[in-house]
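Engineer: 3D, please:
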Amino acid sequence: QGAALLQRGQKHQLQVVLADAWRAPPRPQLDIAFLVDATGSMGDEIDKLKRSMRAVADQIARLPSQPDVCYGLVAYRDPGDAFFVRGADFTNDLGAFQQQLARLQAAAGGDMPEALNEALHTAVHRLSWRGDGTARMVLLVADAPPHLDYGAPYYDQDAIAALAKGIKLFAVGASGLDPVG
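Structural biologist: Numbers count the residues shown, from 1 in each chain. The predicted structure follows:
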């Protein structure tokens with residue numbers, strides 16, 4: 001606390017400095033999970049994501065709010081492929097994320113629907129989303145609809161769960177995605 005007396009006609013300025021009265025607001029937090037169909041038909045899209053990831057990160061970094069960004073990755077194929085669903089939890093280390101992305105190769109698949117249900121379930125429930133106040137996004141890149149013949153988990157239930165957790169879902173249809181997709 002402090003006190004000062006200002007009088008009418010005073011010719012001097014009074015400067016009051018309050019210690020710790022001003023603090024920069026905390027940087028907003030942004031968690032982005034890339035949910036990627038990693039079957040054979042997605043080679044061009046995966047390569048494009050790899051090539052453009054630095055530019056995407058740079059654009060986010062140039063936002064006026066300069067968010068604190070964490071990146072996560074969930075890739076999926078189908079049962080019987082080299083992997084079914086593979087996740088890399090969130091990291092704020094862009095280089096580490098890019099290494100995870102660099103290891104992702106398009107392969108296998110075979111049928112049109114893919115294991116999107118299981119992958120979305122992993123993204124919504126198994127990634128380490130940061131707490132309240134964090135903007136949360138899933139960016140789905142796919143060229144095929146989900147299998148509807150596998151049973152649970154179901155993408156519609158996980159889409160509702162994502163909404164309840166404040167996770168926004170954005171889908172990018174690739175490689176001539178059909179209307180069902």
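Engineer: next up, phi/psi of residue 109, please.
Structural biologist: The phi and psi values for residue 109, taken as degrees, to the nearest 10, are phi 100, psi -110.
Engineer: and it, how far from residue 5?
Structural biologist: Between residue 109 and residue 5 the computed distance is 80 Å (C-beta to C-beta, to the nearest Å). For every residue, glycine as well, the C-beta is placed using N, CA and C.
Engineer: which of those two has more neighbours?
Structural biologist: Between residue 109 and residue 5, counting by other C-beta atoms under 10 Å, residue 109 is the more crowded of the two (20 against 6).
Engineer: show me what contacts the more buried one?
Structural biologist: Residue 109 makes contact with 39, 40, 41, 77, 78, 81, 144 under the criterion C-beta atoms under 8 Å, 6 or more residues apart in numbering.
Engineer: at 7 Å what do you get?
Structural biologist: Taking C-beta atoms under 7 Å, 6 or more residues apart in numbering, we find residue 109 in contact with 39, 40, 41, 77, 78.
Engineer: and the residues you listed, which are buried?
Structural biologist: Neighbour-count burial (16 or more other C-beta atoms under 10 Å) applied to the contacts of residue 109 gives 39, 41, 77, 78.
Engineer: biggest separation within the residues you listed, which pair?
Structural biologist: By the measure C-beta to C-beta, 41 and 78 form the most distant pair in the buried ones among the contacts of residue 109, at 12.2 Å.
Engineer: buried ones in the longest helix along the chain?
Structural biologist: Determined from DSSP state H, the single longest helix within the chain is helix 43-61. Neighbour-count burial for helix 43-61 flags 45, 46, 49, 53, 56, 57, 60 (criterion: 16+ other C-beta under 10 Å).
Engineer: in terms of contact, does the fourth one touch residue 98 like I think?
Structural biologist: Yes. Checked against C-beta atoms under 7 Å, the pair residue 53 and residue 98 is within contact range at 5.7 Å.
Engineer: tell me the phi and psi of residue 100?
Structural biologist: With angles defined as degrees, to the nearest 10, residue 100 sits at phi -60, psi -50.
Engineer: can I get the buried ones among the contacts of residue 109 in a markdown table with secondary structure?
Structural biologist: Shown next, in a markdown table, are the buried ones among the contacts of residue 109 (DSSP: H, G, I helix; E, B strand; the rest coil):
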| residue | secondary structure |
| --- | --- |
| 39 | coil |
| 41 | helix |
| 77 | coil |
| 78 | coil |
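Engineer: export these as CSV, with columns for distance to residue 159.
Structural biologist: Compiled in CSV, the buried ones among the contacts of residue 109 are given as follows (distance: C-beta to C-beta, whole Å):
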residue, distance to residue 159
39, 21
41, 23
77, 21
78, 21
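Engineer: mind putting those into a markdown table with distance to residue 26 and pLDDT?
Structural biologist: Converted to a markdown table, these look like this (distance: C-beta to C-beta, whole Å; pLDDT from 0 to 100):
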| residue | distance to residue 26 | pLDDT |
| --- | --- | --- |
| 39 | 40 | 93 |
| 41 | 42 | 90 |
| 77 | 39 | 93 |
| 78 | 42 | 87 |
